[in-house]
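Asks: Prediction below, plus the sequence it came from.
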Amino acid sequence: MQAVAKPRVSDEDLTRNRGLARDSAPQPRVLHIVDSLEIGGLERLVHDLAITRGAASTSVACLCALGPFGEALRNRGIPVELIGTQGGYIPTVWRMRKHLLRIKPDLIHCHNLFSFLNGCTASRLAGNIPLVMTKHGASVPGNGLGSRMNRFLIRRADVVAVSHQALHIMKLWTGNRQVHYIANGISTDAYDHLPTRTEARAQLNLPQSSFVFGIVARVTPSKGHQLLIDVFARMRARIANAVLLIVGDGIGLSEVKAQVGRLGLNSSVRLMGERQDVPTILAAMDVFCLPSETEGMPMTILEAMAAGLPVVASNVGGIPELVEEGRTGFMVGPRAPDELEAAFVTLANNPARAREMGRAGRDRLWKEFSFKSTLSAYEEVYREATTRRGRLMLDTPPSSPALKVI
């Protein structure tokens with residue numbers, strides 16, 4: 001059985017923000033619809049929004065699987081329903097409709113287009129509940145039947161993008177309609193009292209004199225783990241005390257393990273798996289890296305910034321919005337091993353500059369990517385959507401009983 005993942009920011013820290021989600025008007029009851037609540041940035045955002053807003057005004061419906069974050073929310077008393085996709089599109093939508101009629105949310109917040117297709121169709125069958133759809137990631141919608149249906153249905157939703165690249169994609173795809181930009185944010189509370197680097201390395205049994213690189217991400221081909229290991233192997237000839245920490249699990253883990261063994265790196269590369277002490281692990285690092293081929297707005301980079309680390313990452317997706325080149329880290333091209341190695345060697349040879357970049361990144365996070373700002377922006381979108389629905393209900397005469405779906 002998979003262990004339940006504890007959030008990297010405590011539930012108590014998140015609930016301190018509840019006052020931000022409330023004003024004199026009643027809080028709308030929001031249902032989040034997601035593919036799953038496995039470990040990931042999208043899933044982390046939904047978890048944090050749910051904990052902060054509370055069980056009285058937030059619930060979640062998972063189409064495919066609960067995942068560790070789903071179990072964690074259930075343990076906190078947040079309603080999480082597994083809808084299931086067995087039988088295909090129509091049975092899934094019908095089960096979702098029944099769920100909507102049972103819980104009667106004021107608004108549905110879908111995350112990415114697969115969830116939106118199911119959620120929007122079910123919404124129409126359950127009384128045209130207002131919709132918000134957030135685009136995470138940088139994938140461009142295709143031309144299949146599902147995408148064509150979504151392109152028609154998206155007119156019923158308020159659309160949000162987590163990065164400027166995602167915003168550009170959605171504006172082109174929706175015919176230049178309005179798209180809200182809401183950057184992901186995290187609470188820094190769990191990073192305000194980190195152990196020192198010396199203390200963290202002692203806890204993790206890492207050599208104090210090493211220069212530690214690290215990645216925290218699902219182990220999948222798009223995250224660039226194998227490229228990272230190849231570059232690290234080359235760099236070891238120049239930086240003999242280098243250590244690489246790989247934190248996370250995923251479908252590519254067995255290949256990564258084999259690669260580490262094949263290159264003779266078992267003593268200098270630590271495969272740490274899924275962890276609950278990520279802030280402490282980040283505190284032990286000198287440099288955070290994420291050489292992804294595609295990204296949205298990566299939460300792990302925000303966490304690295306909160307821990308005061310310089311970031312070396314690919315210039316894809318929303319990463320250029322997070323990393324200031326030469327000030328808070330370095331950006332490299334995707335699948336560019338020479339650029340990645342050069343950035344690593346530059347920081348390893350100048351630890352003082354690495355620390356200065358880390359401090360600048362932490363300052364930038366405080367000012368521009370706080371969870372409080374993210375929460376406030378979503379609450380404003382929710383208010384706009386539900387207020388608009390209220391006006392429409394006042395202006396629209398009752399529908400004919402013959403048109404009702406029973």
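Replies: Alright, I've got the coordinates.
Asks: mind checking how far Leu66 is from Glu81?
Replies: As judged by CB to CB, to the nearest Å, Leu66 and Glu81 stand 9 Å apart. Using the backbone N, CA and C atoms, a C-beta is placed for each residue, glycine as well.
Asks: Then Met357?
Replies: For Met357, the distance to Glu81 equals 44 Å [CB to CB].
Asks: Have a look at these two and say which one is more surrounded.
Replies: Shown here are Met357 and Glu81; by other CB atoms under 10 Å, Met357 has more neighbours (25 against 19).
Asks: Pro264 belongs to a helix?
Replies: Careful, residue 264 is Gly and not Pro. No. Per DSSP: H, G, I helix; E, B strand; the rest coil, Gly264 lies outside any helix segment and is coil.
Asks: and it, how many neighbours does it have?
Replies: Applying other CB under 10 Å, I find that Gly264 has 11 neighbouring residues.
Asks: what's the nearest residue to Leu263 if we skip its chain neighbours?
Replies: In this structure, Leu263 finds its nearest non-sequential neighbour in Ala233, 4.7 Å apart by CB to CB, 6 or more residues apart in numbering.
Asks: do Leu322 as well
Replies: Nearest to Leu322 is Ile301, by CB to CB, 6+ apart, at 5.1 Å.
Asks: Let me see the contact set for that neighbour.
Replies: Phe288, Leu290, Val311, Ala313, Ile319, Leu322, Val323 (CB atoms under 8 Å, 6 or more residues apart in numbering).
Asks: In strands only, show me those residues.
Replies: Phe288, Leu290, Val311, Ala313 (DSSP state E).
Asks: The residue nearest to Leu322: which element?
Replies: helix 299-306 (DSSP states H and E).
Asks: How is this protein divided into domains?
Replies: 27-185+370-403, 189-368 (automatic domain parsing).
Asks: Generate JSON lines for these, with mean pLDDT as supplementary columns.
Replies: What follows is those, written out as JSON lines (pLDDT from 0 to 100):
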{"stretch": "domain 27-185+370-403", "mean pLDDT": "91"}
{"stretch": "domain 189-368", "mean pLDDT": "96"}
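Asks: For the protein, give the helix that spans the most residues.
Replies: Longest helix in the chain, counting residues (DSSP state H): helix 371-395.
Asks: List the buried residues in that one.
Replies: Phe371, Thr374, Leu375, Ala377, Tyr378, Glu379, Val381, Tyr382, Ala385, Thr386, Arg389 (16 or more other CB atoms under 10 Å).
Asks: which residues of this structure fall in strands?
Replies: 30-36, 58-65, 80-82, 107-111, 131-135, 157-161, 180-181, 211-216, 242-247, 269-273, 287-290, 311-314, 329-332.
Asks: JSON lines for these, including distance to Gln259?
Replies: Output for the strands of the chain, formatted as JSON lines (distance: least, CB to CB, whole Å):
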{"stretch": "strand 30-36", "distance to Gln259": "28"}
{"stretch": "strand 58-65", "distance to Gln259": "28"}
{"stretch": "strand 80-82", "distance to Gln259": "35"}
{"stretch": "strand 107-111", "distance to Gln259": "32"}
{"stretch": "strand 131-135", "distance to Gln259": "33"}
{"stretch": "strand 157-161", "distance to Gln259": "35"}
{"stretch": "strand 180-181", "distance to Gln259": "38"}
{"stretch": "strand 211-216", "distance to Gln259": "14"}
{"stretch": "strand 242-247", "distance to Gln259": "11"}
{"stretch": "strand 269-273", "distance to Gln259": "9"}
{"stretch": "strand 287-290", "distance to Gln259": "16"}
{"stretch": "strand 311-314", "distance to Gln259": "19"}
{"stretch": "strand 329-332", "distance to Gln259": "20"}
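Asks: Minimum distance to Thr196: which of those strands has it?
Replies: Across the strands of the chain, Thr196 has its closest neighbour in strand 211-216 (13.6 Å, CB to CB).
Asks: Report the backbone C-alpha coordinates of that closest one in PDB.
Replies: What follows is strand 211-216, C-alpha atoms only, in PDB (Å, rounded to 0.1, in the frame of the first residue of the first chain):
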ATOM      1  CA  PHE A 211      29.100  20.200  -3.000                       C
ATOM      2  CA  VAL A 212      25.500  19.000  -3.300                       C
ATOM      3  CA  PHE A 213      23.300  19.200  -6.400                       C
ATOM      4  CA  GLY A 214      19.800  18.000  -6.200                       C
ATOM      5  CA  ILE A 215      16.500  17.500  -8.100                       C
ATOM      6  CA  VAL A 216      13.000  17.000  -6.600                       C
END
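Asks: what's the pLDDT at Ala25?
Replies: Note for Ala25: predicted pLDDT of 62.
Asks: rewinding a little: can I get the buried residues of helix 371-395 in CSV with distance to Val212?
Replies: Below are those laid out as CSV (distance: CB to CB, whole Å):
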residue, distance to Val212
Phe371, 27
Thr374, 30
Leu375, 33
Ala377, 35
Tyr378, 35
Glu379, 39
Val381, 40
Tyr382, 41
Ala385, 45
Thr386, 48
Arg389, 51
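Asks: Out of these, which two sit at the greatest distance?
Replies: That would be Phe371 and Arg389, which, of the buried residues of helix 371-395, are the farthest apart (CB to CB) at 26.8 Å.
Asks: Show me what the longest helix of the chain is packed against.
Replies: Judged by 3 or more CB pairs under 8 Å, 6 or more residues apart in numbering; DSSP states H and E, helix 371-395 is in contact with helix 41-53, strand 107-111, strand 131-135, strand 157-161.
Asks: One more pass at 6 Å, please.
Replies: Here helix 371-395 touches strand 107-111, going by 3 or more CB pairs under 6 Å, 6 or more residues apart in numbering; DSSP states H and E.
Asks: Next, the residues that contact the strand it packs on from outside, please.
Replies: By CB atoms under 6 Å, 6 or more residues apart in numbering, the list of residues contacting strand 107-111 from outside reads 28, 30-34, 42, 116, 119, 123, 129-134, 382, 385-386.
Asks: just stretch 318-328 next, same as before
Replies: 163, 295-297, 301, 311, 313, 329, 331, 357, 360-361, 364.
Asks: So which of those is the closest to Ile90?
Replies: Once CB to CB is applied, the member of the contacts of stretch 318-328 that ends up nearest Ile90 is Gly296, at 29.8 Å.
Asks: Pull the number of nearby residues for the closest one.
Replies: 26.
Asks: OK, contacts around Val132?
Replies: His109, Asp158, Val381, Ala385.
Asks: Distance to Gly88 for these - can I get that in TSV?
Replies: Below are the contacts of Val132 laid out as TSV (distance: CB to CB, whole Å):
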residue	distance to Gly88
His109	24
Asp158	28
Val381	31
Ala385	29
